[in-house]
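Enquirer: need a 3D model of the sequence below.
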Amino acid sequence: MSIPQNLKYSKDHEWLAAEDGLATVGITQHAADALGDVIYIQLPQVGDRVEAGQQCGEIESTKSVSDLVAPVSGEIVALNEAIAEDPGAVNTDPYGTGWLFKVHIAEEPGDLLCADEYIAFAG
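Expert: Now for the predicted structure:
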């Protein structure tokens, strides 16, 4: 499993790339593989406030429906509009074109994992 070293990870299998108080969020390859073929993603809306560790959307695959959990608290400022047309991008490129949303970070939780910690956690 290829895990980018420059990202932070949640125990709910989301990743985030944070810079200057803005985080891009997606799901990890581990989560995408576990879900199977993703067919629909319900994202929060721009302007919504999300809380770290709380559900902010859903991801539907051919196997199941799973909660999308916010890895940080803050306000949603952008959505990956292309994901509605091609939700399978989270399977094929979860760390690139499969990103889900951007959030202005209000508070970053202390329980985010570095890549090596996530690898050990996810196994």
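
Enquirer: helices along the protein, start to end?
Expert: Assigned by DSSP state H, the helices in the chain fall at 29-35, 82-85, 89-92, 115-122.

Enquirer: tell me which of those sits nearest to residue 41.
Expert: helix 82-85 (5.5 Å; C-beta to C-beta). Yep, even glycine has a C-beta here, placed from its N, CA and C like the rest.

Enquirer: any buried residues in the closest one, and which?
Expert: By neighbour count on 16 or more other C-beta atoms under 10 Å, the buried set for helix 82-85 is residue 83.

Enquirer: give me the distance between it and the centre of its chain.
Expert: Helix 82-85 sits 15 Å away from the centroid of its parent chain (C-alpha atoms, centre = their mean, to the nearest Å).

Enquirer: who's in contact with it?
Expert: 41, 43, 89-90, 97-100 (C-beta atoms under 8 Å, 6 or more residues apart in numbering).

Enquirer: please check these and keep the buried ones.
Expert: 41, 43, 89-90, 98-100.

Enquirer: quick one on the thing from earlier: so which of the helices of the chain gets nearest residue 16?
Expert: helix 115-122 (11.5 Å).

Enquirer: redo the helices of the chain as a markdown table? Include mean pLDDT and distance to residue 8.
Expert: A markdown table is the format used below for the helices of the chain (pLDDT from 0 to 100; distance: least, C-beta to C-beta, whole Å):
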| stretch | mean pLDDT | distance to residue 8 |
| --- | --- | --- |
| helix 29-35 | 94 | 15 |
| helix 82-85 | 92 | 21 |
| helix 89-92 | 96 | 18 |
| helix 115-122 | 94 | 8 |
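
Enquirer: tell me the bridge partners for the most centrally placed residue in the chain.
Expert: In the chain, the centroid-proximal residue (C-alpha atoms, centre = their mean) is residue 26; its distance is 2.5 Å. Taking DSSP bridges, one finds residue 15 as the beta-bridge partners of residue 26.

Enquirer: still on that earlier bit, looking at the buried ones among the contacts of helix 82-85, which is nearest residue 18?
Expert: Among the buried ones among the contacts of helix 82-85, and counting by C-beta to C-beta, the member closest to residue 18 is residue 99, at 12.8 Å.
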